[in-house]
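*Asks:* Everything below, folded, please.
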Amino acid sequence: MKEYDSADARVHPPTVTLTGGDPSSGDQHAGPGDPAFRPDHDGRDADRPCADRRNLRNTVPNVVGLFCMLIGLSDIISVISPDWQERLRRMHAAVLPGTMTALTGTALVIIGLLLLMLSHGLRRRKRRAWQAAVVLLAFNIGIHLLHGLGHVWIVVVSLIVLGALLYFNDHFYARGDPRTRWRGWAVFCGLAVADLAIGLAYILLARGLAANYSFTQRLQDVLYGLVGMSGPVHFVPDSRGDLFGLLTTALGLFTVVMTGYLFLRPAEPMGRLGQRDATSIRDLLSRYGERDSLGYFALRNDKNVVWSPTGKSCICYRVVSGVMLASADPIGDPEAWPGAISAFLDEAANHAWVPAVMGCSELGAEIWCREGCMTALELGDEAIVGVADFSLAGRQMRNVRQMVSRVGRQGYVAEVRRLGDVSPQEIENIVRQADSWRGSPTERGFSMALGRVGGPGDEDCVLATATENGVLRALLHFVPWGSDGLSLDLMRRDRSSQPGLNDFLIVEAIKAAPTLGVKRLSLNFAVFRAALERGEKIGAGPVLRAWRSLLVFASRWFQIESLYKFNAKFCPVWQPRFFVFPSTRDAPRIALAALEAEAFLVWPRLELRRMARKLGLGKLRRRLQRWSRRSAA
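*Replies:* Next up is the predicted model:
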């Protein structure tokens, strides 16, 4: 075992990088290991998380968040309940005017909505959610006590939860997540749906309507009420209508104010690798890149980075659904990995994110488990082909040999080049044509995908193309793996082309590898390859056979068995890759986050730009711009 650098092996490094620097910055760059090198940070690292924060249990945040959600629901239900309306009207008819009664109900509904929104933040230990919940619970208790609403149990539970928040205040330390103004649209849609549901529930449960109104009329009345107008529904007595009008108007105003605040507050970029950090990572890859075939994928634009104190190692990550997800091994000198891992875990603790790693090597898994007290699970195997040992001869290569011969007879021609030898215009045309072959607008990949072709600094990447009579039919994109290796990034072909075209391009890339100075190629990653291989052999036990059957069944939606069989055709050397996570109870959440990061799980969302293109709004915008320029001239 190597001796680890004491400056990087400390449990609590004094500084840590958060996000990348400004891409437009013109600062002079100092390389990792240089005394002048200082990883970028935003100056917020003075409040370092203590070691026990990593081991704090989630019992208190989960219980407090659950009870805040229940209190919020109870407040909303109590206001729209007919019994509450009648009790409030009788108790205050002789003391308070109707407007004050309506204000009381409106305040409870807004407090209930806010508690519902804050419950998720409390479960994630967010400090601002704790501060807001303390104030809202105090107001909630005061309203119930001053107005004698009769819900004693709400007061008692609120007092208990408020006491728990104050007593366990050190459990709620996490800073807010990086944000953008697009979150305002999500909050607006969620609040609008909640407003409609509350308004409809009030009318549907209300007693004493002046007539039997249809659902359309009731919905229209709610929509009018949200903008402060009177609708077609009339209540008997009028005090119920006053309460409904004030309630819906307040909800509409609350929705507008919350959305406006989210749009106007300063936005923080969501995972953008700055130019200075990217340059430092490239320096590390030039020295230590041969250790890991997945190292170059750390240069994805949607990742953030944390650095070890000396800058000799770093870890790139992305936050998905509260999971701080890294991929592959740390970049840089293995002696500095413990420092980067410690900084990574501290940053996760500081934000109450769940740390996890996808696709690290065996050495990386050992260091992660030792330094972070984490658990490793073999995720699958990476297929690596040695150029010197590859041959199409033999029975095992019969299928590939036949495929390649058939494609060659059809007149397909392959060309393998470094991107630095391809003009930017040609790259743009190739990418545009390849995008037309995609069946879905969603680009998959995170741990083994760069997410771009022909970006600045990617001149050493390799592009393999196949043409038929001068027409592009397929392409492969490889990223560098040290100085003498390539790692497959993108594999795409025209669906109307000859089957076996990907096999043909891989073989041609291997043939051209010596002229490019390449000695090894990393192909696709086969998930649970060992289970698929051993489960079909004679002597496999019932558990292994059942596990293989489940994987084959899942292959209907995910490329599990097909990727394994495709890789196995080239007789590669299998390199195991591991999945590292804190504990078993976190594994399902991390698995969902990994599927989301790899774009196998895509949540429905409104694609405004795509809709605008379909409606022709882009052309209209360009015409208006040309007209404005002509007018200015």
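
*Asks:* Next, find the distance separating the spatially most central residue of the chain from residue 125.
*Replies:* Centroid-nearest residue in the chain: residue 320, 2.8 Å away (criterion: C-alpha atoms, centre = their mean). Residue 320 sits 18 Å away from residue 125, taking C-beta to C-beta, to the nearest Å as the criterion. (C-beta placed from N, C-alpha, C; glycine too.)

*Asks:* so where's the stretch 451-600 of the chain uncertain?
*Replies:* Residues of the stretch 451-600 of the chain that meet the criterion pLDDT under 70 lie in 600.

*Asks:* and if we set it to 90?
*Replies:* Scanning the stretch 451-600 of the chain for pLDDT under 90 picks out 451-457, 468-470, 482-483, 490-500, 524-565, 567-568, 582-600.

*Asks:* show me where it has helices.
*Replies:* Assigned helices in the stretch 451-600 of the chain, in chain order: 501-516, 529-535, 542-554, 561-568, 587-597 (criterion: DSSP state H, counting those that start in this stretch).

*Asks:* Please identify the buried residues of stretch 541-551?
*Replies:* Going by neighbour count (16 or more other C-beta atoms under 10 Å), the buried part of stretch 541-551 is 544, 547, 548, 551.

*Asks:* if we can go back for a sec, nearest to residue 357, out of the helices of the stretch 451-600 of the chain?
*Replies:* For residue 357, the closest of those is helix 587-597, at 9.5 Å, according to C-beta to C-beta.

*Asks:* returning to what we had before: which one of the buried residues of stretch 541-551 is nearest residue 506?
*Replies:* Closest to residue 506 out of the buried residues of stretch 541-551 is residue 551 (24.1 Å), distances taken as C-beta to C-beta.

*Asks:* contacting residues around that closest one?
*Replies:* Shown in contact with residue 551 (C-beta atoms under 8 Å, 6 or more residues apart in numbering): 528, 531, 532, 535, 560, 561.

*Asks:* Can you report how many residues neighbour the third one?
*Replies:* Okay, so that is residue 532. By the criterion of other C-beta atoms under 10 Å, residue 532 has 23 neighbours.

*Asks:* so where's the stretch 101-250 of the chain shaky on pLDDT?
*Replies:* Across the stretch 101-250 of the chain, the ranges flagged by pLDDT under 90 are 101-129, 131-132, 135-136, 139-158, 169-250.

*Asks:* could you redo the last one with a cut-off of 80?
*Replies:* Along the stretch 101-250 of the chain, the model assigns pLDDT under 80 to residues 101-109, 144, 146-152, 175-186, 204-212, 227-231, 234-247.

*Asks:* which phi and psi does residue 337 have?
*Replies:* Main-chain dihedrals, residue 337, degrees, to the nearest 10: phi -60, psi -40.

*Asks:* List the residues that contact the closest residue to residue 125 other than its chain neighbours.
*Replies:* Spatial nearest neighbour of residue 125, chain neighbours left out: residue 352 (3.8 Å); criterion: C-beta to C-beta, 6 or more residues apart in numbering. Applying C-beta under 8 Å, 6+ apart to residue 352 gives the contacts 124, 125, 126, 173, 174, 322.

*Asks:* Same question for residue 362.
*Replies:* So residue 362 contacts 576, 578 (C-beta under 8 Å, 6+ apart).

*Asks:* and it, how far is that from residue 190?
*Replies:* For residue 362, the distance to residue 190 - C-beta to C-beta - is 44 Å.

*Asks:* Over to residue 248?
*Replies:* Going from residue 248 to residue 190 by C-beta to C-beta gives 17 Å.

*Asks:* follow-up on the earlier one: closest to residue 316 out of the helices of the stretch 451-600 of the chain?
*Replies:* helix 587-597 (12.4 Å).

*Asks:* Buried residues in the closest one, which are they?
*Replies:* In helix 587-597, counting by 16+ other C-beta under 10 Å, buried: 587, 590, 593, 594, 596, 597.

*Asks:* would you list every one of the strands in the stretch 351-500 of the chain?
*Replies:* Using DSSP state E, counting those that start in this stretch, the strands found in the stretch 351-500 of the chain span residues 354-360, 375-386, 412-418, 462-468, 471-481, 485-493.

*Asks:* so the longest one versus strand 485-493, what angle?
*Replies:* Our comparison of strand 375-386 with strand 485-493, counting by axes from the mean of the first three to the mean of the last three C-alpha atoms, to 10 degrees, yields an angle of 90 degrees.

*Asks:* Residue 291 reaches residue 337, doesn't it?
*Replies:* No - judged on C-beta atoms under 8 Å, residue 291 makes no contact with residue 337 at a distance of 10.5 Å.

*Asks:* returning to what we had before: so which of the helices of the stretch 451-600 of the chain is nearest residue 257?
*Replies:* Closest to residue 257 of these is helix 587-597 (C-beta to C-beta; 30.9 Å).

*Asks:* Strand 354-360 and the closest one, what's the angle between them?
*Replies:* 60 degrees.

*Asks:* and helix 587-597, what other elements does it pack with?
*Replies:* Contacts defined by 3 or more C-beta pairs under 8 Å, 6 or more residues apart in numbering; DSSP states H and E place helix 587-597 against strand 313-320, strand 323-327, strand 354-360, strand 573-581.

*Asks:* now those as a markdown table including distance to residue 381?
*Replies:* Below are these laid out as a markdown table (distance: least, C-beta to C-beta, whole Å):
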| stretch | distance to residue 381 |
| --- | --- |
| strand 313-320 | 23 |
| strand 323-327 | 16 |
| strand 354-360 | 11 |
| strand 573-581 | 4 |
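
*Asks:* So which of the buried residues of stretch 541-551 is the closest to residue 507?
*Replies:* residue 551 (27.9 Å).

*Asks:* coming back round to it: distance of the closest residue to the residue nearest to the centre of the chain other than its chain neighbours relative to residue 350?
*Replies:* Sequence neighbours aside, residue 593 is the residue nearest to residue 320 in space, at 4.3 Å (criterion: C-beta to C-beta, 6+ apart). Noted for residue 593: a distance of 18 Å to residue 350, by C-beta to C-beta.

*Asks:* now residue 126
*Replies:* Taken as C-beta to C-beta, the span from residue 126 to residue 350 is 12 Å.

*Asks:* Equivalent analysis for residue 388, please.
*Replies:* 48 Å.

*Asks:* higher neighbour count, those two?
*Replies:* Shown here are residue 388 and residue 350; by other C-beta under 10 Å, residue 350 has more neighbours (19 against 9).

*Asks:* Count residues in the vicinity of residue 231, would you?
*Replies:* Neighbours of residue 231 (other C-beta under 10 Å): 21.

*Asks:* surely it meets residue 216?
*Replies:* No - Residue 231 is not in contact with residue 216 according to C-beta under 8 Å; the separation is 11.0 Å.

*Asks:* what sits in contact with each of those two?
*Replies:* Joint contacts of residue 231 and residue 216 (C-beta under 8 Å, 6+ apart) do not exist.
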